[in-house]
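The sequence and its predicted three-dimensional model are supplied below.
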Amino acid sequence: MKTRITELFEIEHPIIQGGMHYVGFAEMAAAVSNAGGLGIITGLTQSTPDDLAKEIARCKEMTDKPFGVNLTFLPGFANPPYPQYIEAIINGGVKIVETAGRSPEAFMPALKDAGIKVIHKCTSVRHSLKAQNIGCDAVSVDGFECGGHPGEDDIPNMILLPRAAEELDIPFVASGGMGNGKQLVAALALGADGINMGTRFIATKDAPVHQNVKDAIVAASELDTRLVMRPLRNTERVLTNQAVEKLIEVEREKGAETKIEDIMEFVAGVYPAVMQDGDMEAGAWSCGMVAGLIHDIPTCQELIDNIMSEAHDIINSRLAKLA
């Protein structure tokens with residue numbers, strides 16, 4: 001299947017594995033890229049730029065296919081050494097960067113001068129247009145269904161994707177709620193050039209996370225995610241657990257007066273405990289509503305092959321019969 005995304009990133013299938021904290025290690029990115037998609041190393045999971053350089057080198061030992069690095073530009077209270085992370089990416093020969101969070105505008109000259117293709121994650125059409133205007137090569141349009149940060153507009157992909165198609169000239173992928181071939185076909189029909197998957201890739205044999213995490217996703221339904229940090233206008237969709245329900249209770253009590261300090265115990269330092277140690281009650285961790293559609297734990301190769309097979313069958317059989 002050829003789309004503007006497969007041609008832009010020189011990949012076989014229009015499927016991207018988004019950056020995920022304490023998931024996007026070299027093993028994850030290589031497995032996705034070897035299966036014909038685009039694997040992504042999560043830059044800020046690596047504690048230092050030097051650590052990122054080593055992770056890029058490890059990934060190159062595992063795959064000769066294209067892979068990228070995610071750089072999330074955090075709110076003002078956190079200030080990682082982004083120029084040094086970008087230097088590690090450039091020196092590592094990586095030619096694709098997924099950016100997220102704040103606008104990457106300040107860092108675009110360095111990335112573009114190095115011949116790097118940039119795909120920025122956006123939760124609205126207006127942010128997607130800004131990304132296009134500052135020179136991003138593509139955008140990942142992130143609907144309200146997504147795990148992690150869905151923005152504050154609450155627009156689901158059934159509306160957001162065709163709106164993006166009306167406005168954008170650059171390629172875009174559908175992100176949020178994506179997990180199977182039906183959704184790939186739907187995303188293409190709505191104007192996208194591929195899909196970005198996060199939660200679905202965690203529930204694979206190749207994902208370098210604790211088995212408890214994979215089992216929790218398979219056991220969850222589409223009703224088992226919660227929105228937290230909404231009073232802070234930093235909304236995050238997470239899988240429910242006892243800690244999350246306590247966090248929500250704090251937010252209910254404090255309302256608009258909620259401060260990050262009030263919920264810090266439920267969100268700070270959670271990912272190593274969850275993803276590596278398998279402590280499913282450690283705190284709030286990102287998970288999408290697509291958990292309700294995840295019923296198995298395949299390899300990345302099996303997952304991508306199944307998605308593409310299902311998509312081709314729908315396009316060539318069911319939809320063709322309706323023409």
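Perfect, I can see it now.

For K321, the count of nearby residues, please.
Other residues near K321 come to 7 when the count uses other C-beta atoms under 10 Å. (C-beta placed from N, C-alpha, C; glycine too.)

for the most centrally placed residue in the chain, what are its contacts?
Centroid-nearest residue in the chain: G18, 3.1 Å away (criterion: C-alpha atoms, centre = their mean). Residues near G18 by C-beta atoms under 8 Å, 6 or more residues apart in numbering: 40, 70, 98, 121, 140, 175, 196-198.

For N234, the count of nearby residues, please.
Counted with other C-beta under 10 Å, N234 comes out at 13.

related to what we said a few turns ago, nearest to D169 among the contacts of G18?
S140 (15.9 Å; C-beta to C-beta).

List the buried residues for the helix or strand containing S140?
Applying DSSP states H and E as the criterion places S140 in strand 138-142. Residues of strand 138-142 classed as buried by neighbour count (16 or more other C-beta atoms under 10 Å): 138-142.

So which of the contacts of G18 wins on neighbours?
S175 leads the contacts of G18 on contacts (other C-beta under 10 Å) with 32 neighbours.

Contacts only, for that residue.
18, 121, 140-143, 146, 195-198.

tell me the contacts of the closest residue to I155 other than its chain neighbours?
Excluding its sequence neighbours, the residue lying closest to I155 (C-beta to C-beta, 6 or more residues apart in numbering) is F144, at 5.8 Å. Counting by C-beta under 8 Å, 6+ apart, F144 makes contact with 150-151, 153-157, 160, 176.

try it again with 7 Å
150, 154-156, 176 (C-beta atoms under 7 Å, 6 or more residues apart in numbering).

between those residues, which is nearest M229?
Using C-beta to C-beta, those come closest to M229 at P150, 11.2 Å.

Output the contacts of G18 in TSV, with distance to L239 and pLDDT appended to each entry.
Converted to TSV, the contacts of G18 look like this (distance: C-beta to C-beta, whole Å; pLDDT from 0 to 100):
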residue	distance to L239	pLDDT
I40	21	98
N70	21	98
E98	23	98
K121	20	98
S140	21	98
S175	18	98
N196	19	98
M197	16	98
G198	12	98
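
Looking at the residues you listed, which are in helices?
Judged by DSSP state H, the subset of those located in helices is empty.

TSV for those, including distance to S128?
What follows is those, written out as TSV (distance: C-beta to C-beta, whole Å):
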residue	distance to S128
I40	19
N70	18
E98	14
K121	10
S140	9
S175	11
N196	13
M197	19
G198	18
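
in the following helix or strand past the strand holding S140, what counts as buried?
Where DSSP H and E defines the elements, the next helix or strand beyond strand 138-142 is helix 157-167. Neighbour counts over helix 157-167 (16+ other C-beta under 10 Å) mark 157, 160-161, 163-164 as buried.

Export the residues you listed as TSV, with columns for pLDDT.
Putting the buried residues of helix 157-167 into TSV (pLDDT from 0 to 100) gives the following:
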residue	pLDDT
N157	98
L160	98
L161	98
R163	98
A164	98
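
Only the buried residues of the strand or helix carrying I304, if you could.
Applying DSSP H and E as the criterion places I304 in helix 300-313. The neighbour-count check on helix 300-313 (16+ other C-beta under 10 Å) flags 300-301, 303-304, 307-308, 310-311 as buried.

helices or strands next to the helix or strand just after it in the packing?
Counting by DSSP H and E, the next helix or strand C-terminal to helix 300-313 is helix 319-322. Taking 3 or more C-beta pairs under 7 Å, 6 or more residues apart in numbering; DSSP states H and E as contact, there are no helices or strands that helix 319-322 lies on.

what mean pLDDT does helix 319-322 have?
Taken as a whole, helix 319-322 carries a mean pLDDT of 93.

can you pull the contacts of the closest residue in space to Q301 that isn't next to it in sequence?
Nearest residue to Q301, sequence neighbours excluded (C-beta to C-beta, 6+ apart): A35, at 4.3 Å. By C-beta under 7 Å, 6+ apart, A35 lies in contact with 300-301, 304.

Likewise for V139?
V139 neighbours (C-beta under 7 Å, 6+ apart): 119-120, 122, 128, 131-132, 168, 170, 172.
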